[in-house]
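Trainee: predicted coordinates and the sequence they were generated for:
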Amino acid sequence: MTELSVAAAQAYCTTLTKKSGSNFYYSFLFLPKKRRAAMYTVYAFCKEVDNAVDEPPAGSNPMEELHRWQQELDAAYHGTPTSPVTISLAYHVRQLSIPQAYFDELIKGVEMDLMTSRYVSFQDLSLYCYRVA
């Protein structure tokens with residue numbers, strides 16, 4: 001795979017967000033251009049990670065897909081990401097100083113989908129909601 005430019009990676013994220021059918025796309029239109037681009041990328045990251053479990057690629061292992069996304073996230077913060085989403089994310093986290101911990105929590109929350117189908121307490125449900133919503 002050839003290295004993707006930040007602009008091409010951003011275009012990928014914007015298109016993915018727009019095609020998702022989510023109302024988030026339209027709410028982001030009210031943001032200033034730079035923040036809007038960042039939110040398209042954050043949304044794309046969330047969507048891709050969630051799809052790793054909710055709509056996994058045929059023949060894939062969702063847990064391995066989450067591990068791959070964790071590696072891509074780590075590369076966005078400390079290395080060289082290869083996914084269009086994490087290439088764009090790397091740019092925005094540098095520009096806006098977004099802590100990695102929030103994205104780590106999202107991945108942990110999506111992983112909870114693989115391990116838990118019912119929550120015993122509101123406290124457990126609350127943790128899940130914090131991580132994925």
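Mentor: That came through fine. Numbers count the residues shown, from 1 in each chain.
Trainee: could you pull out the helices for the chain?
Mentor: Under the criterion DSSP state H, the chain contains helices at 6-19, 24-28, 33-54, 62-78, 84-96, 100-115, 122-132.
Trainee: name the stretch among the ones you listed that sits most buried.
Mentor: Of all the helices of the chain, helix 84-96 carries the top mean neighbour count, a mean of 21, counting by mean count of other Cβ atoms under 10 Å. No exception for glycine: its C-beta is placed from N, CA and C like everyone else's.
Trainee: which helices and strands does that helix pack with?
Mentor: Packed against helix 84-96 by the contact rule (3 or more Cβ pairs under 8 Å, 6 or more residues apart in numbering; DSSP states H and E) you find helix 6-19, helix 33-54, helix 62-78.
Trainee: how about 10 Å then?
Mentor: helix 6-19, helix 33-54, helix 62-78, helix 100-115 (3 or more Cβ pairs under 10 Å, 6 or more residues apart in numbering; DSSP states H and E).
Trainee: now render those as JSON lines, adding distance to Leu125 and mean pLDDT.
Mentor: Listed next are those as JSON lines, based on distance: least, Cβ to Cβ, whole Å; pLDDT from 0 to 100:
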{"stretch": "helix 6-19", "distance to Leu125": "27", "mean pLDDT": "97"}
{"stretch": "helix 33-54", "distance to Leu125": "18", "mean pLDDT": "97"}
{"stretch": "helix 62-78", "distance to Leu125": "20", "mean pLDDT": "97"}
{"stretch": "helix 100-115", "distance to Leu125": "10", "mean pLDDT": "97"}
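Trainee: quick one: the ones you listed as a markdown table, columns for distance to Leu127 too.
Mentor: As requested, these are exported to a markdown table (distance: least, Cβ to Cβ, whole Å):
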| stretch | distance to Leu127 |
| --- | --- |
| helix 6-19 | 27 |
| helix 33-54 | 17 |
| helix 62-78 | 17 |
| helix 100-115 | 8 |
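Trainee: which one, of those helices, ends up nearest to Val132?
Mentor: Val132 lies closest, by Cβ to Cβ, to one member of the helices and strands packed on helix 84-96: helix 100-115, at 3.8 Å.
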